[in-house]
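Enquirer: Show me how the following folds:
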Amino acid sequence: MVKEVNGVKFTTEFTHRDIEYSIKRHIEIFDNEYGFSEYFNKYATGKIAEFEKNYNPEKDFMLISKVEEKFAGTITLIGEENGNARLRYFFVEPFTRGKGIGKLLFITAMELAKEMGYNHLYFTTYNVLKIARTMYHQLGFEITQTIPDENVAPGVIEEYWAKDI
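Expert: Residues are numbered from 1 along each chain as shown. Modelled structure (predicted):
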């Protein structure tokens, strides 16, 4: 899938290089902006690499957004049983923030998930990601569970969010 919305290009076609970039930027952004630990860095690195290894185009996708050919952000979907799918590895580059690109990325991912036959989406995030959390709420997701996660950073709480689509 390739499409353009308001000057933002979206594609589900990805390469190993895109995976490497996603890993690199996850670590840099969450470390620099939130002080996430080496534990988080290793976890994210392993899980994103695992996505590439286990990728099944019939049930999964990595959605990449680009602005003027610059990588702007990404989100992945991992399909599960019974119409459930998990959204993961969402981030947007700092130069895109405040322009609605993250919201477009999330909405496009939800639309693709629905087209693929999923009817329930869930994901985890952290309480310190305040702007993203506001967007999730605006898109109709609700917190279903919270768990303190001191391994990520002091005072961080992991939150489970979900929505029927």
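Enquirer: residues in contact with stretch 128-145?
Expert: 34, 90, 97, 102-103, 106-107, 110, 121-123, 125, 127, 153, 155-156, 159-163 (CB atoms under 8 Å, 6 or more residues apart in numbering). Any C-beta I mention is one placed from the backbone N, CA and C, and that applies to glycine too.
Enquirer: From what I see, G83 and L121 are in contact.
Expert: No: G83 lies out of contact with L121 (CB atoms under 8 Å); the separation is 9.8 Å.
Enquirer: Mind checking the pLDDT average for the strand or helix carrying F90?
Expert: Using DSSP states H and E, F90 falls within strand 84-92. Average pLDDT, strand 84-92: 97.
Enquirer: just how off-centre is that strand within its chain?
Expert: 3 Å (CA atoms, centre = their mean, to the nearest Å).
Enquirer: got it, and stretch 107-127?
Expert: Using CA atoms, centre = their mean, the offset of stretch 107-127 from its chain centre is 10 Å.
Enquirer: neighbouring contacts of that stretch?
Expert: So stretch 107-127 is in contact with 1, 3, 5, 10, 12, 34, 59, 61, 63, 65, 75, 77, 79, 82-88, 90, 132-133, 136, 139, 141, 144, 146, 149, 152, 156-165, going by CB under 8 Å, 6+ apart.
Enquirer: Which members of those occur in helices, if any?
Expert: 34, 132-133, 136 (DSSP state H).
Enquirer: top of the residues you listed by neighbour count?
Expert: The most crowded member of the ones in helices among the contacts of stretch 107-127, judged by other CB atoms under 10 Å, is Y136 (21 neighbours).
Enquirer: pLDDT score assigned to that residue?
Expert: The model's pLDDT for Y136 equals 98.
Enquirer: now swap in N6 and tell me
Expert: Per-residue confidence (pLDDT) for N6: 88.
Enquirer: Leaving out sequence neighbours, find the closest residue to it.
Expert: L104 (7.0 Å; CB to CB, 6 or more residues apart in numbering).
Enquirer: My read is that the one you found contacts V5, right?
Expert: Yes: with contact defined as CB under 8 Å, L104 reaches V5; the gap is 5.8 Å.
Enquirer: neighbour-wise, which of those two wins?
Expert: L104 (19 against 14).
Enquirer: Where does that one sit: helix, strand or coil?
Expert: Following DSSP: H, G, I helix; E, B strand; the rest coil, we place L104 in the helix state.
Enquirer: gap between it and S37?
Expert: As judged by CB to CB, to the nearest Å, L104 and S37 stand 30 Å apart.
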